[in-house]
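S.K.: What shape does this take:
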Amino acid sequence: MAAGKETARTNRADLVQVDRALQSSRDAGYDLTAAVGEVVDNSIDWGKASIIRIRTETDDSKKKVERMAFADNGDGIKAEILPHVLSLGFSTGYGSRKGIGRFGVGLKLATLALAPRVDIYTCSKADGLLHTYLDLKEVSEGRQKHIEAREIDGYPDDVADLMATRKGEPFKTGTLVVWSRIDRLEDGGRYGSANRERLQELMRFLGRAYRRFIDNGLSIELDDRAVLMHDPLFLLPNKRVMKRFGEDIRGTVIDHETIEIDGDEVEVTVTLLPEEFRHYKGQGGRAELAGDEFEDLYIPDNEGKISFLRQGREINYDLVAKMLPYGKQRLDRFIGIEVSFPATLDEYFEVRNVKRGAVPVSKLREELRQLLVKPIKAARQEIRRHWSDVETEERASNPEHDVAEAAVARAEKTTPRGRAGGDMTSEEEQNLVEEKLEEVFDEETPEGEREKLRARLEELPFSIVDHSWPGKELMQVDHRNGGAIILLNQKHPFIAGVYSGIKALANRDEAEVDPADAIELARRTEAALDVLLIAYAKAENMHPDPEEAYGELRSDWGRFCSTYLRQTLQEIDD
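M.R.: Residues are numbered from 1 along each chain as shown. As a prediction, the model looks like this:
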């Protein structure tokens, strides 16, 4: 047979086994949020909609979502385009870098991932009301071989209200997408996800992913509930915040930088959430972050996550390995991080058909990581500074010295009794306690806080109370019956600059500690302790005969420090 000559008999195969290809496409990797996102994207991209409504319908047990409807008031779909909308690979904007969509497979794959049938009803000014559909069962049985668009008289009765205003006036144009016979949204039993949780996550996803569109006037509803915008950076107005606090509280921009790539810009923004959200509360020596109090504001979700926006639409909100200095820390929930880029830079963020999980390529990731180091460290330091201020304010009513005080009280049982204040009567000692309470507290202090401190001062031989007053005095000591009440001046540089920082660090969880900050504080503490000893020597040096005046004092100070410290460290170690 001559080369290139065909025989009379030729074997052939279809390019695509349609029914099997469509069945296989059901495993394209779309979960509920990703699938719904594709429909919403189309309403924004194709229809320029200002209203998007989503409705779910469950079976009688409420454990299975069987049907979902998506309605918008956009421009509708033209007759010549409608038959192709459910055809794999077709897109009016295939490869476009101007809109949210790009690949022409999103709507089809998203639908098939959850439901074997989809119906599209659309009304445009030019063509009126049209309908088309795709049904996998009919395809597999050979009953549907083409996708056709036909004129119809109206929307299905049970979802027609979605295509009208609240006053009942029909949308002049718009599109209605209905997923039927949904078979992949059922409560997952002991180890699966409940639909209630899925829909809650969907509500959060919609408010966060389309925040910029909602801020610009887009209305999204899920089961007749308005989707409220959520900005992880807290730079956009938040109705939940205004309802809780009665005012529009916004985050603070720590840094805003741009990276230029091929003539386009990647914008990187780091913010610090408002102080009202980030009080630090201690309990029993262990600390909890008050962000958990504001669950409806989704603050804990921020912990170490980065929001990636493509064309203003979030396509990834997750942890990205090696992007944050010293890794994720729990206090990062109070930091907002956003990376925004145009669709023209998709390759640099490895954007795929399913618009989620975007991660920068290695070289860009390293540049972003370096760019984030300073603002993240600055934000963490500011959070810790604020916590230190809050803790200082609360110390008078929340004793921070109880470990040492209790250990000293036990050690006092075997040490020589002090002589200062030994001749005080019970009444004089009580008057001293009341005097200290008046000095530390004001008239607005709850009586319960006064009583707690009063009990400490009456019970313990030596008590330390945090207080503030002007001047260079480090502490004030009032002796009574072999013991003392010690007021520490929180305004003194040793307390404010070193001691408070150590106490704050001691209350942190290991995961929240920045090693560089801890080392820096240790160095400051080492120098400060040296200065403390030198300052004492200088104070002795002010006397012409320090050995005669202070020799015994110095000896007793060292002896009792040794005794008390051994007892305290033993109890801490135990």
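S.K.: Can you list the buried residues in stretch 121-134?
M.R.: If you call a residue buried by 16 or more other C-beta atoms under 10 Å, then stretch 121-134 has these buried ones: 121-124, 127, 129-134. No exception for glycine: its C-beta is placed from N, CA and C like everyone else's.
S.K.: how far is it from where the chain is centred?
M.R.: When distances are taken as C-alpha atoms, centre = their mean, to the nearest Å, stretch 121-134 is centred 42 Å away from the chain's centroid.
S.K.: got the CA positions of it in PDB?
M.R.: Coordinates of the C-alpha atoms in stretch 121-134 are reproduced here as PDB (Å, rounded to 0.1, in the frame of the first residue of the first chain):
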ATOM      1  CA  TYR A 121     -34.800  31.600  32.000                       C
ATOM      2  CA  THR A 122     -33.700  35.000  30.700                       C
ATOM      3  CA  CYS A 123     -35.400  38.100  29.500                       C
ATOM      4  CA  SER A 124     -33.600  40.700  27.500                       C
ATOM      5  CA  LYS A 125     -35.000  43.900  25.800                       C
ATOM      6  CA  ALA A 126     -34.300  42.600  22.300                       C
ATOM      7  CA  ASP A 127     -35.600  39.000  22.600                       C
ATOM      8  CA  GLY A 128     -38.200  38.800  25.400                       C
ATOM      9  CA  LEU A 129     -38.400  35.700  27.700                       C
ATOM     10  CA  LEU A 130     -36.400  32.600  26.700                       C
ATOM     11  CA  HIS A 131     -35.600  29.200  28.300                       C
ATOM     12  CA  THR A 132     -32.900  26.600  27.900                       C
ATOM     13  CA  TYR A 133     -31.700  23.700  29.900                       C
ATOM     14  CA  LEU A 134     -29.200  20.800  30.300                       C
END
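S.K.: Show me this protein divided up by domain.
M.R.: The record's domain parsing of the chain by automatic domain parsing lists 18-226, 239-388, 402-573.
S.K.: JSON lines please, covering these and showing distance to residue 232 and mean pLDDT.
M.R.: Output for the domains of the chain, formatted as JSON lines (distance: least, C-beta to C-beta, whole Å; pLDDT from 0 to 100):
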{"stretch": "domain 18-226", "distance to residue 232": "7", "mean pLDDT": "86"}
{"stretch": "domain 239-388", "distance to residue 232": "5", "mean pLDDT": "87"}
{"stretch": "domain 402-573", "distance to residue 232": "19", "mean pLDDT": "88"}
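S.K.: sorry, back to before: mind putting the buried residues of stretch 121-134 into a markdown table with secondary structure and distance to residue 222?
M.R.: Formatted as a markdown table, these follow (DSSP: H, G, I helix; E, B strand; the rest coil; distance: C-beta to C-beta, whole Å):
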| residue | secondary structure | distance to residue 222 |
| --- | --- | --- |
| 121 | strand | 20 |
| 122 | strand | 21 |
| 123 | strand | 23 |
| 124 | strand | 26 |
| 127 | coil | 29 |
| 129 | strand | 25 |
| 130 | strand | 26 |
| 131 | strand | 24 |
| 132 | strand | 25 |
| 133 | strand | 24 |
| 134 | strand | 24 |
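S.K.: circling back: let me have the domains of the chain in TSV, extended by distance to residue 233.
M.R.: Formatted as TSV, the entries for the domains of the chain read as follows, by distance: least, C-beta to C-beta, whole Å:
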stretch	distance to residue 233
domain 18-226	9
domain 239-388	3
domain 402-573	21
